[in-house]
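In: the following comprises the amino acid sequence and a computationally predicted model.
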Amino acid sequence: MKKYNELTRHEQEAYLMLPILTELKKLGGQSTTKDLKRSVVANDSSIPENTLTDFKTSRKGSKYLPFNFSFNFAVANLILAEMLKRPKTGIVKLTEKGREFKGNGTELSEQVYKVSVPLWKDKSKRNQSINDTGNNEEVVAKPDEDSDDEESWRSEILSALMNLSPAKFELFCRALVKRMKVDIDENVGTKLTGDGGLDGYGYITTDDFRTSRVAIQAKRWSINNSVSSPEIDKFRGAMDKFRAEFGIFITTSMFTRDAIKASRAGTRVITLIDGDKLIDLVTKYELYVKPVTVYKLEDFFREEN
């Protein structure tokens with residue numbers, strides 16, 4: 001069987017349909033598209049682990065994620081075939097038809113395309129008809145929910161993080177964890193050497209005034225260098241040394257599937273923050289970034305006087 005990256009764009013789209021249904025069932029039948037995307041990548045061994053941070057540059061110079069095209073078109077086709085529905089923007093939900101599907105991937109894609117392809121063709125004809133009348137409004141909606149602008153700034157943030165020195169990245173990660181309500185210890189994990197394998201250490205107090213120790217590990221690695229399970233084991237050893245109840249492992253790259261399993265083993269689960277989640281947290285807490293409002297012109301300005 002071909003690996004995912006060896007498939008054509010259309011083959012990737014068809015392949016993703018079954019994992020999308022499977023993961024949605026695991027997630028309770030409804031999920032954000034972002035969480036669903038992460039779940040599909042995390043649990044399908046044929047999909048490269050760095051898929052969600054492997055940005056490419058288009059001919060126009062903008063950044064994009066190739067995976068988003070196949071994923072979003074797969075979702076769009078599943079919706080047209082009434083396997084999924086979208087109750088609101090950013091959310092997808094299994095329909096009864098989707099829940100009851102029991103076949104394999106080939107059977108699913110054939111069943112879906114039998115319904116969706118004629119619908120796409122019909123929409124394309126209507127779109128062409130409207131264009132022929134001089135109205136440039138586009139009828140066929142782009143199924144890619146992540147806009148080009150979003151992919152561009154996400155890539156820019158990741159690139160900026162990658163350009164930090166290791167020491168500055170550790171400082172950045174401590175600042176991020178501090179925004180997450182962890183009181184950072186100024187003595188443990190702040191030195192370049194002799195920190196026992198930690199890049200940060202702190203304390204978090206819950207609503208019932210129970211305080212727990214938190215260990216922090218930060219790895220500024222390239223997207224092609226995933227964090228493996230031995231790194232998780234070493235971090236757990238450092239946690240033992242400082243008797244930390246919780247661990248947070250942050251990287252600009254991805255975690256291997258074995259690393260994810262290792263983080264969940266034992267009595268203390270380690271929270272993993274990969275490059276994709278790191279970008280989410282940077283924007284959520286607006287850490288050294290600030291949002292910019294963009295205004296787009298409506299049809300009124302494009303209509304004839």
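Out: Structure received.
In: use CA for all of it now, contacts and neighbours both
Out: Fine.
In: pull the contacting residues for residue 19.
Out: 40, 44 (C-alpha atoms under 8 Å, 6 or more residues apart in numbering).
In: host element of it?
Out: Per DSSP states H and E, residue 19 falls inside helix 9-26.
In: which elements pack onto whichever helix or strand comes after that helix?
Out: Later in the chain than helix 9-26, the nearest helix or strand by DSSP H and E is strand 30-32. Strand 30-32 is packed against strand 91-94, with contacts defined by 3 or more C-alpha pairs under 8 Å, 6 or more residues apart in numbering; DSSP states H and E.
In: rerun that using 10 Å as the cut-off
Out: Contacting strand 30-32 under the criterion 3 or more C-alpha pairs under 10 Å, 6 or more residues apart in numbering; DSSP states H and E are the following elements: helix 9-26, strand 91-94.
In: quick one: strands adjacent to the last one?
Out: When pairs are called by DSSP bridges, strand 91-94 turns out to pair with strand 30-32 (antiparallel), strand 84-85 (antiparallel).
In: and the contacts of it?
Out: 20-21, 24-25, 28-36, 75, 78-79, 82-87, 99-100 (C-alpha atoms under 10 Å, 6 or more residues apart in numbering).
In: output that strand as CSV, nothing but the C-alphas.
Out: Extracted in CSV, the C-alpha atoms of strand 91-94 (Å, rounded to 0.1, in the frame of the first residue of the first chain):
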residue,chain,number,x,y,z
ILE,A,91,-17.9,22.3,14.0
VAL,A,92,-18.6,19.0,12.2
LYS,A,93,-21.1,16.4,13.4
LEU,A,94,-21.9,12.8,12.3
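In: give the buried residues for the next helix or strand after it.
Out: Following strand 91-94 in sequence order, the next helix or strand is helix 96-100 (DSSP H and E). Residues of helix 96-100 classed as buried: 98, 99 (neighbour count, 16 or more other C-alpha atoms under 10 Å).
In: re the thing from before, now the helices and strands packed on strand 30-32 as JSON lines including distance to residue 303 and mean pLDDT?
Out: Output for the helices and strands packed on strand 30-32, formatted as JSON lines (distance: least, C-alpha to C-alpha, whole Å; pLDDT from 0 to 100):
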{"stretch": "helix 9-26", "distance to residue 303": "36", "mean pLDDT": "97"}
{"stretch": "strand 91-94", "distance to residue 303": "33", "mean pLDDT": "96"}
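In: can I get those in a markdown table with distance to residue 291?
Out: Shown next, in a markdown table, are these (distance: least, C-alpha to C-alpha, whole Å):
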| stretch | distance to residue 291 |
| --- | --- |
| helix 9-26 | 31 |
| strand 91-94 | 23 |
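In: point out where the stretch 51-200 of the chain drops to low pLDDT.
Out: For the stretch 51-200 of the chain, applying pLDDT under 70 flags the ranges 129-148, 191-196.
In: just give the number of residues close to residue 200.
Out: The tally of other residues near residue 200 (other C-alpha atoms under 10 Å) stands at 26.
In: ok, it - contacts?
Out: 170-171, 173-175, 177, 184-191, 214-218, 248.
In: redo that, cut-off 8 Å
Out: Residue 200 sits next to 170, 174, 184, 185, 188, 189, 190, 215, 216, 217 when contact means C-alpha under 8 Å, 6+ apart.
In: mind listing which of the residues you listed are in helices?
Out: Judged by DSSP state H, the contacts of residue 200 include 170, 174 as members of helices.
In: buried subset of the contacts of residue 200?
Out: 170, 174, 184, 188, 189, 190, 215, 216, 217.
In: pick the one among these closest to residue 262.
Out: Proximity of the buried ones among the contacts of residue 200 to residue 262 (C-alpha to C-alpha) peaks at residue 217, which lies at 15.1 Å.
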